[in-house]
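A.B. asks: Structure of the sequence below:
(one chain, ligands or ions: 1)
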Amino acid sequence: MIKLHDTHFKPFLSESRIQDAVKKIAEKIALDYKDQIPIFVGVLNGSFMFVSDFLKYYPYDCEVTFVKLSSYQGLTSTGIVETLLDVSEDIEGRSVIILEDIVDTGRTLQTLIHMFSNIKVKEFKIATLFFKSEIYNGEYSVDYVGIEIPNKFIVGYGLDYKELGRNLKEVYQINQTHMINLVLFGKPGAGKGTQAEFLKEKYNLKHISTGDLFRYNMKNDTKLGQLAKSYIDNGDLVPDEVTIKMLEDAVEKNPDASGFIFDGFPRTAAQAEALDNLLTAKNMKVDATIALEANDEVLIQRLLERGKVSGRSDDQDEAKIRNRFDEYNTKTAPLKDYYEAQGKFHSVNGIGAIDEVTHRLGKVIEEL
Ligand code: AMP
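C.D. replies: The predicted structure follows:
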C-alpha cells in the first residue's frame, strides 16, 4: 500500500505486466508499419513513460512528437479539453499513431481526433496502454489496446494523483474504504449549498451541485449552459436527460472520491432512479437523504437577500422563486416517499445559525 497526498492506493499492475503489454503493442504496430516511417504522437503528460518504453521496443525507423492536452480539474461538468501544445510537425501525408496512456470516457480522444481532422494524414490510428472499456462512449474504435481495466482510479507509470505518483514503475489502484454518499434535500434557499461546503471538508466528500454546474456552464457559455439557461431563468427544472447526463459525467470524473454530497440532485423521480442505477453499477449506494426543512416565507426572504449579492436572475423575482417552489412541490417533494421506502430519509431543522444546522446534520451522518 502507498499513500499519495491523503489517499491510499494498493498495487494493481506489476512492472512486468505493464512492460509485457507495452512490448506487445510495439510488436503489433511494428508488424503493421514496418514498410513506412510512422509518426508517433504522445499525449502529455501521462503518456511519457509509455512512449519512452514503447520506443525502446519499436524496432524500425520512426519519428516521435508530443501534444499536450488538459481537461479542467476544478469543476467537473464541462468536459472541455484544452490544447496546451499543438501538433507542430509537418505531418501531411504521413501515418500518425497516437500513443495514449489511458482512454476512459473518450473525451480527450474526441479532441485529438478533432485536432487532426483538418490535416490530410495518410492514416490515423490510436494506441492506448490502458483502456476503460466500461465507460468508453466515443464513436472511434481504439486500434491498439494494451490492458483493459475496470473503472477504478489508477496511478503510476506516468499517471498521477494530483500530480504525484507519475514516477512509479507499477500501477496502483485506489484503496476504497467506506464511502458515504449523501443526498441533500430541501427547497431552494434551504441552505444545501452552504451546508455542503462544511460537510465536504468534515467528511472528505466531493460536493456535486447541479445548480452550480449549470451556472458554471452558463458563465462559460458552453452548449450545456445555453441549453439550460431559459429553464433556469424562469425557475423551471432543466429536462431530466440533460441533467442526468451532466450528473453522470461529474461522478465519472471523480473516481477517486471517498464519497459524494449530491446537492440539488435528484429533483425528479427519473433522476432518483438514474442516481440509484449509476451508483449500483459502481457498487455504491445512497447512504442517506437528508432534508433541510424551512418554511416558505423564511426561504423567500433568504433568496431575495441572496439575489441582491449573487446576481442570480432566479433569486431576484418573487414570482420565479414561487415557481421554483411549485416545481419542488410537484416534482421533487414526492422523492421523500421514494427514500423513505428505502429507509434512508432523514429530516433536519434548517432554521438557525449555520453551525447549529451543521451540527444537526453531523449527528445524522455519524449515526449512519
Ligand atoms: P439550484 O442552485 O440547486 O437552486 O438550481 C438552480 C436551477 O438549476 C434550478 O432552478 C433548475 O432550473 C436547475 N437545476 C439544478 N439542479 C437541477 C436538477 N437536478 N434537475 C433539473 N434542473 C436543475
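A.B. asks: Just the buried positions in whichever helix or strand Met115 is part of, please.
C.D. replies: Using DSSP states H and E, Met115 falls within helix 107-117. Across helix 107-117, burial judged by 16 or more other C-beta atoms under 10 Å covers Arg107, Thr108, Leu109, Gln110, Thr111, Leu112, Ile113, Met115, Phe116. Using the backbone N, CA and C atoms, a C-beta is placed for each residue, glycine as well.
A.B. asks: so which of those comes closest to Thr243?
C.D. replies: Nearest to Thr243 among those: Arg107, at 18.9 Å, using C-beta to C-beta.
A.B. asks: Assign Tyr231 to helix, strand or coil.
C.D. replies: Following DSSP: H, G, I helix; E, B strand; the rest coil, Tyr231 is assigned to helix.
A.B. asks: tell me, how many neighbours does it end up with?
C.D. replies: Using other C-beta atoms under 10 Å, Tyr231 has 17 neighbouring residues.
A.B. asks: I figured it hits Leu237, correct?
C.D. replies: Yes - assessed by C-beta atoms under 8 Å, Tyr231 is found in contact with Leu237 at 6.6 Å.
A.B. asks: ok, the residue in the stretch 101-250 of the chain positioned nearest to the ligand - how many residues close by?
C.D. replies: Among all residues of the stretch 101-250 of the chain, Gly211 sits closest to the ligand, at 2.0 Å; criterion: C-beta to the nearest ligand atom. Here the number of neighbours of Gly211 (other C-beta under 10 Å) works out to 19.
A.B. asks: wait, isn't Ala127 in contact with Leu109?
C.D. replies: No - using C-beta under 8 Å as the test, Ala127 is too far from Leu109 to be in contact (11.4 Å).
A.B. asks: Return the residues in contact with the nearest residue to Ile180 once chain neighbours are set aside.
C.D. replies: Excluding the flanking residues, the one nearest Ile180 by C-beta to C-beta, 6 or more residues apart in numbering is Gly259, at 4.2 Å. By C-beta atoms under 8 Å, 6 or more residues apart in numbering, the contact set of Gly259 is Met179, Ile180, Asn181, Leu182, Tyr203, Asn204, Leu205, Lys206.
A.B. asks: give me that answer again for 6 Å
C.D. replies: Gly259 makes contact with Met179, Ile180, Asn181, Leu205, according to C-beta atoms under 6 Å, 6 or more residues apart in numbering.
A.B. asks: now those residues in CSV, with secondary structure, distance to Phe12 and neighbour count?
C.D. replies: Compiled in CSV, the contacts of Gly259 are given as follows (DSSP: H, G, I helix; E, B strand; the rest coil; distance: C-beta to C-beta, whole Å; neighbours: other C-beta atoms under 10 Å):
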residue, secondary structure, distance to Phe12, neighbour count
Met179, coil, 19, 16
Ile180, strand, 24, 18
Asn181, strand, 24, 20
Leu205, coil, 24, 21
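A.B. asks: With respect to pLDDT, which of those residues ranks lowest?
C.D. replies: On pLDDT alone, Met179 ranks lowest of those, at 83.
A.B. asks: Excluding covalently adjacent residues, which one is nearest to it?
C.D. replies: Counting by C-beta to C-beta, 6+ apart, the nearest residue to Met179 once its immediate chain neighbours are dropped is Gly259, at 4.5 Å.
A.B. asks: Next: Gln226.
C.D. replies: Met218 (7.8 Å).
A.B. asks: Just say helix, strand or coil for that neighbour.
C.D. replies: Quick answer, by three-state DSSP: Met218 is helix.
A.B. asks: Going forward, the N-terminal residue is numbered 4.
C.D. replies: From this message on, residue numbering opens at 4, which makes the last subject Met221.
A.B. asks: That one: how many residues sit nearby?
C.D. replies: For Met221, the neighbour count with other C-beta under 10 Å is 18.
A.B. asks: before we move on, what about Gln22?
C.D. replies: 15.
A.B. asks: So which residues make contact with the helix or strand it falls within?
C.D. replies: Element membership for Gln22, per DSSP H and E: helix 18-36. Helix 18-36 has contacts (C-beta under 6 Å, 6+ apart) with 56-57, 60-63, 130, 147, 149-150, 160, 172-173.
A.B. asks: again, only using 10 Å
C.D. replies: 16-17, 41, 43, 52-65, 98, 100, 102, 126, 128, 130-133, 146-150, 159-160, 171-174 (C-beta atoms under 10 Å, 6 or more residues apart in numbering).
A.B. asks: Got a quick PyMOL command for the buried subset of these?
C.D. replies: Per 16+ other C-beta under 10 Å, the buried members of those correspond to this PyMOL selection:
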select buried, resi 16+41+43+52+53+54+56+57+61+65+98+100+102+128+130+131+132+133+146+147+148+149+150+159+160+171+173+174
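A.B. asks: for the ligand, what are the nearby residues on the stretch 204-353 of the chain?
C.D. replies: 213-214, 217, 234-235, 238-241, 246, 267-268, 270, 274, 317, 327 (C-beta under 6 Å from any ligand atom).
A.B. asks: Report the two of those separated the most.
C.D. replies: Top of the distance list for these (C-beta to C-beta): Gln274 and Asp317, 18.8 Å.
A.B. asks: Low-confidence ranges, the stretch 4-153 of the chain, go.
C.D. replies: Low-confidence segments of the stretch 4-153 of the chain (pLDDT under 70): 73-92.
A.B. asks: give me that answer again for 80
C.D. replies: Counting by pLDDT under 80, the stretch 4-153 of the chain contains low-confidence residues at 9, 73-93.
A.B. asks: All good on my end, thank you.
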